[in-house]
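Engineer: next input, structure requested:
(one chain, ligands or ions: 1)
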Amino acid sequence: MASMSSTVERFSCVGVSAAHEHFMVFMVYNSGMRRAALLPVIAMTLLSCRPAAPPDPGWLTELRPAADKLIAASQASEFAWQRLAELTDTFGPRLSGSENLERAIDWAVAQMQRDGLENVRKEPVMVPRWVRGRETLELMAPARQPLPMLGLGNSVATPLGGLEADVLVVGSFEDLDRRAADAATRIVLFNVPFTTYGETVRYRTQGPSRAARVGAVAALVRSIGPPGLRTPHTGATTYDEAAPKIPAAAIAAEDADRFQRLQDRGVPIRVRLQMDAHFEPDAQSYNVVGEIRGRERPDQIVLVGGHFDSWDVGVGATDDGGGCIVTWEAVRLMLQTGLRPRRTVRVVLFTNEENGLRGGNGYRDAHMAELPNHVLLLESDGGVFDPAGFGFTGPDPARATLTSIAALLRPLGADTILTAGSGADIGPSATAAKIPTMSHVVRGDYFLIHHTPADTIARITPKQMSDNAAAIAVMAYAVAEVPFRIDGR
Ligand SMILES: [Zn+2]
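Structural biologist: This next block holds a predicted model:
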């Protein structure tokens, strides 16, 4: 039996909180971030970190051989990486309402059946269908030059032929309020350097309506991500119904800095923006569900999953094809190794997280009666780089159990349990039935490629996929196998 005391020293608990689309996920070491921005967060997380795992409660020793078997099986092949490659190579981007997404969903169902998952099914959800169309941004003054840009999801179009206006650069909402008189008839650029996603994403979600309220004709947003290779990042914006809807797009950090310098020198900046973006009628889509049924309490469910839809500009390898494949793989590994846990482990590939959350809401509505039977909801939507552990939100006794279980993940370097964890897709069910939630936590440059054309499998190694699948398999298996419900119900 391995010594439990060394668990104490291994707890490094370095984390950065970052709001993903709707809820909080936890990322560890976003190396693209500035040190200064990280330090207070690290200090805060260290203070709130649980110092040690409790002593081995007996059941932990019994779980260890199964955990080692799952880890060995996952590390013995590149199956998860190959499956993610097949998904992203074959079907490409999977925006809600697209044929690509629905073809990928049918493929996932067929593959799950081939894997031997049980109760494989598609659960219908209607999803919005936003279409980007053609879009361009051209600098007209002080010099003519086409600029890389990406329209924001949910944006409306420009008038036919585009619109041309002077640009007002602002550094915050307060700055916009101070210069409200200058914003009328202009295009407002929110130039707010990326610190954390949680701090800066509001300029993308709320910026366009804030600008519209003071008379702006369009909004540009410095991309929500660290500087890349002059890379714009898309992502959803949310219009305030009380304000006029104006077209909205993201530009690269480098161009936002240039606009700032021009304005600071008193040089007028003029651009022409053209966008065809629009909504078409809602489309039929599906959540994909598969299981390994519990051998003693099949009615009790440990849910793992991610979202199968992606933005239209990359192929959604990191966000969130990888999260879908590693959670699915967790169930496949249990079947492959003949480890059928006491409770059911259910994988759900949610549709439409990025621009609607209809999959997460649809799961809650379709499963309302059995939500109290859900022991834990675990989402992987923070990338599939080097595994670090899990974030957890739930009752203290459950946290103590999970902290014990985390010792089984030490061979993967994934034995940290952070103070909070959730996910956009599991949020609605968690809220409706007070179910404990977990986020899968990794170390990596998630926000460098987030919502960009660079979100491809080239950024992910086979070992990372295998290790993440192993970590989730061990965690889900253990929670489904322990002799008691971790949530105390
Ligand atoms: Zn995502």
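
Engineer: can you name the residues that contact the residue nearest the centre of the chain?
Structural biologist: Among the residues of the chain, the one closest to the centroid is Asp381, at 3.5 Å (Cα atoms, centre = their mean). Neighbour list for Asp381: 20, 25, 306-307, 319-320, 323, 353, 423-425, 439-440 [criterion: Cβ atoms under 8 Å, 6 or more residues apart in numbering]. Every residue, glycine included, has its C-beta placed from N, CA and C.

Engineer: residues near Asp177, how many?
Structural biologist: Neighbourhood size, Asp177 [other Cβ atoms under 10 Å]: 13.

Engineer: list the residues that contact it.
Structural biologist: Val214.

Engineer: doesn't it lie inside a helix?
Structural biologist: Yes. According to DSSP: H, G, I helix; E, B strand; the rest coil, Asp177 belongs to a helix.

Engineer: kindly state the pLDDT recorded for it?
Structural biologist: Among the per-residue scores, Asp177 holds a pLDDT of 98.

Engineer: can you offset everything so residue one is 40?
Structural biologist: With the count now opening at 40, the last piece we talked about shows up as Asp216.

Engineer: quick check: it vs Ala250, distance?
Structural biologist: From Asp216 over to Ala250 the distance is 11 Å, taken as Cβ to Cβ, to the nearest Å.

Engineer: quote the end-to-end distance of stretch 308-323.
Structural biologist: In stretch 308-323, first residue to last residue: 44 Å (Cα to Cα, to the nearest Å).

Engineer: and for stretch 221-234?
Structural biologist: End-to-end distance for stretch 221-234: 27 Å, by Cα to Cα.

Engineer: pLDDT (mean, whole number) over it?
Structural biologist: Stretch 221-234 shows a mean pLDDT of 98.

Engineer: buried sites along that stretch?
Structural biologist: Neighbour-count burial for stretch 221-234 flags 221-222, 225-231, 233-234 (criterion: 16 or more other Cβ atoms under 10 Å).

Engineer: equivalent analysis for stretch 141-153, please.
Structural biologist: 141, 143-144, 147-148, 150-151.

Engineer: the ion contacts on this protein?
Structural biologist: Proximity of the chain to the ion, by Cβ under 5 Å from the ion, involves residues 358-359, 420.

Engineer: in helices only, show me the buried residues of stretch 141-153.
Structural biologist: Under the assignment DSSP state H, the buried residues of stretch 141-153 contribute 141, 143-144, 147-148, 150-151 to helices.

Engineer: out of those residues, who's nearest Pro167?
Structural biologist: Ranked by distance to Pro167 (Cβ to Cβ), these are led by Glu141 at 14.3 Å.

Engineer: measure the residue nearest to His406 when sequence neighbours are not counted to Gly333 for me?
Structural biologist: Nearest residue to His406, sequence neighbours excluded (Cβ to Cβ, 6 or more residues apart in numbering): Ser468, at 7.0 Å. Using Cβ to Cβ, we find Ser468 at a distance of 19 Å from Gly333.

Engineer: over to Val231?
Structural biologist: Val231 sits 48 Å away from Gly333, going by Cβ to Cβ.

Engineer: ditto for Val195
Structural biologist: Taking Cβ to Cβ, one finds Val195 at 48 Å from Gly333.

Engineer: with Ala124 instead?
Structural biologist: Distance from Ala124 to Gly333, by Cβ to Cβ: 32 Å.

Engineer: ok, His489 next?
Structural biologist: On the measure of Cβ to Cβ, His489 and Gly333 end up 36 Å apart.

Engineer: and the two? Which one has more around it.
Structural biologist: Neighbours were counted for His489 and for Gly333 using other Cβ under 10 Å; His489 has more, 24 against 20.

Engineer: the more buried one contacts His272, correct?
Structural biologist: Yes. Contact criterion Cβ atoms under 8 Å: His489 and His272 qualify, at 6.2 Å.

Engineer: quick one: common contacting residues for these two?
Structural biologist: Taking Cβ under 8 Å, 6+ apart as the contact rule, His489 and His272 both touch 263-264.

Engineer: next helix or strand past the helix or strand where Ala322 lies?
Structural biologist: Ala322 is part of strand 317-331, with elements assigned from DSSP states H and E. As assigned by DSSP H and E, the chain's next helix or strand after strand 317-331 is strand 336-346.

Engineer: what residues of the next helix or strand along the chain from that following strand count as buried?
Structural biologist: Where DSSP H and E defines the elements, the next helix or strand beyond strand 336-346 is helix 361-376. For helix 361-376, burial by neighbour count (16+ other Cβ under 10 Å) applies to 361-373, 375-376.

Engineer: same thing with stretch 208-223?
Structural biologist: Within stretch 208-223, the residues that qualify as buried are 208-209, 212, 215, 219, 221-222, counting by 16+ other Cβ under 10 Å.

Engineer: ok, so of those, who is nearest the ion?
Structural biologist: Lowest distance from the ion to these (Cβ to the ion) belongs to Phe212, with 25.3 Å.

Engineer: surely the closest one is in contact with Arg249?
Structural biologist: Yes. Using Cβ under 8 Å, Phe212 is in contact with Arg249, at 5.8 Å.

Engineer: got any residues that touch both of the two?
Structural biologist: Counting by Cβ under 8 Å, 6+ apart, no residue touches both Phe212 and Arg249.

Engineer: returning to what we had before: mind checking the SS state of the residue nearest to His406?
Structural biologist: Put simply, Ser468 is helix when judged by three-state DSSP.

Engineer: wait, what's in contact with it?
Structural biologist: Contact analysis of Ser468 by Cβ under 8 Å, 6+ apart lists 342, 399, 402-403, 406, 410, 413, 416, 474.

Engineer: distance of Ala105 from the ion?
Structural biologist: Distance, Ala105 to the ion, by Cβ to the ion, to the nearest Å: 30 Å.

Engineer: please identify the helix or strand for that residue.
Structural biologist: Here Ala105, judged by DSSP H and E, is contained in helix 98-114.

Engineer: show me how far the helix or strand just after that helix is from its chain's centre.
Structural biologist: Downstream of helix 98-114, the first helix or strand assigned by DSSP H and E is helix 118-130. Relative to its parent chain, helix 118-130 has a centroid offset of 18 Å by Cα atoms, centre = their mean, to the nearest Å.

Engineer: equivalent analysis for stretch 427-440, please.
Structural biologist: Counting by Cα atoms, centre = their mean, stretch 427-440 comes out at 20 Å from the chain centroid.

Engineer: quick one: end-to-end length of that stretch, please.
Structural biologist: Start and end residues of stretch 427-440 are separated by 18 Å (Cα to Cα).

Engineer: need the contact list for Gly361.
Structural biologist: Gly361 makes contacts with 123, 345, 419, 422-423, 499, 504, 507, as judged by Cβ under 8 Å, 6+ apart.

Engineer: check Pro434 too.
Structural biologist: By Cβ under 8 Å, 6+ apart, the residues touching Pro434 are 475, 526-527.

Engineer: just the buried subset of these, please.
Structural biologist: Buried members of the contacts of Pro434, scored by 16+ other Cβ under 10 Å, are 475, 526.

Engineer: from the contacts of Pro434, which is closest to the ion?
Structural biologist: Among the contacts of Pro434, and counting by Cβ to the ion, the member closest to the ion is Pro475, at 20.8 Å.

Engineer: check contacts around the closest one.
Structural biologist: Counting by Cβ under 8 Å, 6+ apart, Pro475 touches 414-416, 431-434, 437, 469, 525-526.
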